[in-house]
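Chemist: Give the three-dimensional model of this entry:
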Amino acid sequence: MAEQTAKILLVEDDTALAAVYRSRLEVEGFDVREVHDGEQALSAAMEYRPDLILLDAMMPKISGFDVLDILRNTPETGNMRVIMLTALSQPKDKERAEALGVDDYLVKSQVVISDVVERIKHHLGKD
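Modeler: Next up is the predicted model:
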């Protein structure tokens, strides 16, 4: 029986960066849905039911922190794994994300895409 493809919801308002991540994740065998703001992220989480959400913090409409808070307080999405991938490198931002229940917090300037893929696989139990 074939292993089911893990579904990743990629939430990133920088479309060029999102395209890079999407193509790499697809090469790695993931089923990727890409959205570009917090409102789309919330509706896609409910409808697409991803195994993991790669979430930017600073976005139009609803910030990644608010998206995370809403996901964690919604029964259908409360257990979804969420990795925040953000430009925010301040400890207070990481602490805020952790207080909201993030699974992992990666700073864009401190990781390369292979690191991100590795963390995704780790959280999906595929490493």
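
Chemist: all strands for the protein, in order.
Modeler: 7-11, 31-35, 52-55, 81-86, 104-107 (DSSP state E).

Chemist: Turn those strands into TSV, columns for mean neighbour count.
Modeler: Just so you know, the C-beta spots here come from the backbone N, C-alpha and C atoms, and that holds for glycine as well. Below are those laid out as TSV (neighbours: other CB atoms under 10 Å):
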stretch	mean neighbour count
strand 7-11	24
strand 31-35	18
strand 52-55	26
strand 81-86	23
strand 104-107	18
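
Chemist: closest to residue 19 out of the ones you listed?
Modeler: strand 31-35 (8.0 Å; CB to CB).

Chemist: So which elements touch that closest one?
Modeler: Packing contacts for strand 31-35, counted by 3 or more CB pairs under 8 Å, 6 or more residues apart in numbering; DSSP states H and E, involve strand 7-11, helix 15-27, helix 38-48.

Chemist: Identify, out of those, the most deeply packed stretch.
Modeler: Stretch with highest mean neighbour count among the helices and strands packed on strand 31-35: strand 7-11 (a mean of 24; mean count of other CB atoms under 10 Å).

Chemist: average pLDDT across that strand?
Modeler: For strand 7-11, mean pLDDT is 98.

Chemist: Kindly report the same for stretch 88-105.
Modeler: The model assigns stretch 88-105 a mean pLDDT of 97.

Chemist: one step back: could you save the strands of the chain as JSON lines and add columns showing distance to residue 20?
Modeler: Formatted as JSON lines, the strands of the chain follow (distance: least, CB to CB, whole Å):
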{"stretch": "strand 7-11", "distance to residue 20": "10"}
{"stretch": "strand 31-35", "distance to residue 20": "11"}
{"stretch": "strand 52-55", "distance to residue 20": "12"}
{"stretch": "strand 81-86", "distance to residue 20": "12"}
{"stretch": "strand 104-107", "distance to residue 20": "15"}
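
Chemist: what's the residue nearest the centre of the chain in contact with, if anything?
Modeler: Nearest to the mean C-alpha position of the chain, by CA atoms, centre = their mean, lies residue 54 at 1.2 Å. When contacts are counted by CB atoms under 8 Å, 6 or more residues apart in numbering, residue 54 touches 8-12, 21, 83, 85, 116, 120.
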